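Engineer: A structural model of the following input is requested.
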Amino acid sequence: MTYDAALEKTVDKILKQSENKLLENLKKSLDDSKKTLTDSLSSLEQEYEGIIAEGKKEADKIQKQIVGSSALEARNKEIMLIEKSIGEVFDSAVEKLRELKRNKDYTKHLTQLIDEAIKSIGMSDVIITTNSKDKNIVKGIIKKYDGVTLSRDTIDCIGGVRVSSKDGSMNFDNTIDARLERLKPVLRKNAATKFGL
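Structural biologist: Below you'll find the predicted structure:
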């Protein structure tokens, strides 16, 4: 066997080992991401049930207070109370999220947000903007992406990222704030449905 053939065989062996290790790491990361998502969903469902329970208590209390009032007035007050309760729960959740530790789980979640945003834009040449707390974490995450640039500017948000095409024609807001705002109408609808409104 010639020196070149032996070298090629060694390089092929190293590449195969690296490929296997990379595939194992990707599978582990996928499994970890799925677990994090499942854990998050459970927490959100519990919080949602708490919103519903609190809203029902308050709605029942108000309903007793306005027995003599018209059905329309009662309905409007119930809707306002549910809206207020949802607002209070969201405010409480936002405060907890602001204090969120920037640990490995947060980094994994931030990686998922970046992946999702880049896929939504549909191109790899993008600019990512984040808040000052997450800037260094995002800088480390985006090293694995070709064509991704971290903006010098920061945004005022709890966490997450905004991704835009380099020409600015496409944007995707995947900040925690934007995700919460997208979740509010669903919670309102579900709460109203539970109360028959």
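Engineer: How about residue 149: what's its closest non-neighbour residue?
Structural biologist: Leaving out its chain neighbours, the residue that sits closest to residue 149 by CB to CB, 6 or more residues apart in numbering is residue 127, at 5.0 Å. To be clear about C-beta, it is placed using only N, CA and C from the backbone, and glycine gets the same treatment.
Engineer: Can you list the residue ranges for strands in this structure?
Structural biologist: 126-130, 148-154, 160-165, 171-175 (DSSP state E).
Engineer: CSV for those strands, including mean pLDDT and distance to residue 51?
Structural biologist: As requested, the strands of the chain are exported to CSV (pLDDT from 0 to 100; distance: least, CB to CB, whole Å):
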stretch, mean pLDDT, distance to residue 51
strand 126-130, 95, 29
strand 148-154, 93, 32
strand 160-165, 94, 22
strand 171-175, 93, 22
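Engineer: Quick one: closest of those strands to residue 181.
Structural biologist: Closest to residue 181 of the strands of the chain is strand 171-175 (CB to CB; 9.0 Å).
Engineer: got a list of what the residue nearest to residue 149 touches?
Structural biologist: Counting by CB atoms under 8 Å, 6 or more residues apart in numbering, residue 127 touches 148, 149, 150, 151, 163, 164, 165, 166.
Engineer: Select the helix or strand of this protein having the lowest average pLDDT value.
Structural biologist: Sorting the helices and strands of the chain by mean pLDDT, DSSP states H and E puts helix 3-65 at the bottom, at a mean of 68.
Engineer: before we move on, back to that, and the contacts of residue 127, which is closest to residue 104?
Structural biologist: If you rank those by distance to residue 104 using CB to CB, residue 150 comes first, at 20.3 Å.
Engineer: my read: that closest one touches residue 136, true?
Structural biologist: No. Residue 150 sits out of contact with residue 136 when judged by CB atoms under 8 Å, with a separation of 9.8 Å.
Engineer: out of those two, which sits in the more crowded spot?
Structural biologist: residue 150 (17 against 12; other CB atoms under 10 Å).
Engineer: what separates the residue nearest the centre of the chain from residue 159, distance-wise?
Structural biologist: What sits nearest the mean C-alpha location of the chain, by CA atoms, centre = their mean, is residue 176, with 5.4 Å. In this view, residue 176 and residue 159 are 5 Å apart by CB to CB, to the nearest Å.
Engineer: which residues are common contacts for these two?
Structural biologist: Contacts common to residue 176 and residue 159, judged by CB under 8 Å, 6+ apart, are residue 97.
Engineer: circling back: check contacts around the residue nearest to the centre of the chain.
Structural biologist: Residues near residue 176 by CB under 8 Å, 6+ apart: 97, 157, 158, 159, 160.
Engineer: Name the nearest residue to residue 163, sequence neighbours excluded.
Structural biologist: Residue 163's closest residue in space is residue 117 (CB to CB, 6+ apart), at 3.9 Å.
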